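J.: structural data only, the sequence is not supplied:
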């Protein structure tokens, strides 16, 4: 029996059941969008959203990836800046500041929230509670998240709560049809990547096997898919306790591509290209050229293609696969995909 087909072994390594937290992504998305727990203060009706000229979204780690996706998806409608730090570089009264913290106690995000309170009336938050809730409840608009999930496995709740929030401020049009399509597409994909599907028929399991023993370097075919490559990297880091790196076309052609000229390193890395079948020719020609380098140095690579008509559909079509690959890689590594010992160690060290 293949290691990844041993259900009892998987259950033993996954006592907190990260598997079902990942595989239930379609349900999380639907619940977040259709049943949002929105808290509006009595003063909300006095705000004029037309005065909002830019958006700053503040968050860290698993809570911040939603901000990256939102910037890529909606940055053409209004300037969007993502802040993963203690300070917002520029802030005025025409700025909508959205703070995202699953726990509600992320110190960098709290720092940004306190700065925002001093500068603008346009403030919103997405959280399950904590200090963020205390600061915004009955004063500003906020969306309440369900408790009990690691932030990285709450992306369905986090991102689509952010979508509802942007709709509430009349920043973006309704995404109802997009959400329905995403959920339908992901449900179709679930069976093919589930633990019950044998390794030889399971694209996520075979990918994890190909990655094991090598360091993945994940490339997106264009800047718009960069949040997807970054998500894959972070999920492999946190779930599998495994190093991974990322970059995107065309920028990587101007620096990182030269790194592959190093001798005796080829068998230590595995490139993974995340792309569109109908990618713009400007990007396609660069990817084709880069693949020729892999041929010259005899490096095998993996390639996966997004699906969907909108950027959000595209990104979530491969987030699902990437999350499951990271889970199966954790099983191959014989580590618990939920625990984050080094992150918790750092938090403890910093707090002392």
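T.: Okay, I see it. Just so it is clear, the structure is predicted and the values come from calculations on it, not from any experiment.

J.: let me see the ranges of the helices in the chain.
T.: For the chain, the helices defined by DSSP state H occupy 7-13, 18-23, 25-34, 65-74, 107-119, 130-136, 155-168, 176-193, 203-211, 226-240, 256-259, 281-297, 311-333, 341-351.

J.: nearest to residue 49, of those helices?
T.: helix 155-168 (8.8 Å; CB to CB). The C-beta positions use only the backbone N, C-alpha and C, and glycine is treated the same way.

J.: does anything pack onto the closest one? Which helices or strands?
T.: helix 25-34, strand 37-39, helix 65-74, strand 95-101, strand 123-127, strand 141-144 (3 or more CB pairs under 8 Å, 6 or more residues apart in numbering; DSSP states H and E).

J.: could you check the angle it makes with helix 311-333?
T.: Using axes from the mean of the first three to the mean of the last three CA atoms, to 10 degrees, the direction of helix 155-168 lies 160 degrees away from that of helix 311-333.

J.: how far off centre is helix 155-168?
T.: Put simply, helix 155-168 sits 13 Å off its chain's centre (CA atoms, centre = their mean, to the nearest Å).

J.: rewinding a little: nearest to residue 148, of the helices of the chain?
T.: Taking the helices of the chain one by one with CB to CB, helix 18-23 is closest: 9.2 Å.

J.: can I get the helices and strands packed on helix 155-168 in CSV including distance to residue 114 and mean pLDDT?
T.: What follows is these, written out as CSV (distance: least, CB to CB, whole Å; pLDDT from 0 to 100):
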stretch, distance to residue 114, mean pLDDT
helix 25-34, 27, 97
strand 37-39, 19, 96
helix 65-74, 18, 97
strand 95-101, 10, 98
strand 123-127, 11, 98
strand 141-144, 15, 98
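
J.: and residue 323, which of those is closest to it?
T.: Among the helices and strands packed on helix 155-168, the nearest to residue 323 by CB to CB is helix 25-34 (7.3 Å).

J.: what angle sits between that closest one and helix 155-168?
T.: Counting by the same axes, to 10 degrees, helix 25-34 lies at 20 degrees to helix 155-168.

J.: which other residues reach helix 25-34?
T.: Applying CB atoms under 8 Å, 6 or more residues apart in numbering, the contact partners of helix 25-34 are 154-161, 163-164, 175-176, 179, 182-183, 186-187, 190, 316, 319-320, 323.

J.: next: stretch 280-288.
T.: By CB under 8 Å, 6+ apart, stretch 280-288 touches 221, 222, 249, 250, 253, 273, 275, 279.

J.: can I assume residue 123 is in contact with residue 135?
T.: No: with contacts counted by CB atoms under 8 Å, residue 123 stays clear of residue 135, the gap being 9.1 Å.

J.: related to what we said a few turns ago, could I get the helices and strands packed on helix 155-168 as CSV with mean neighbour count and distance to residue 242?
T.: Output for the helices and strands packed on helix 155-168, formatted as CSV (neighbours: other CB atoms under 10 Å; distance: least, CB to CB, whole Å):
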stretch, mean neighbour count, distance to residue 242
helix 25-34, 20, 21
strand 37-39, 15, 35
helix 65-74, 24, 18
strand 95-101, 28, 26
strand 123-127, 26, 29
strand 141-144, 23, 32
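
J.: all set now, cheers.
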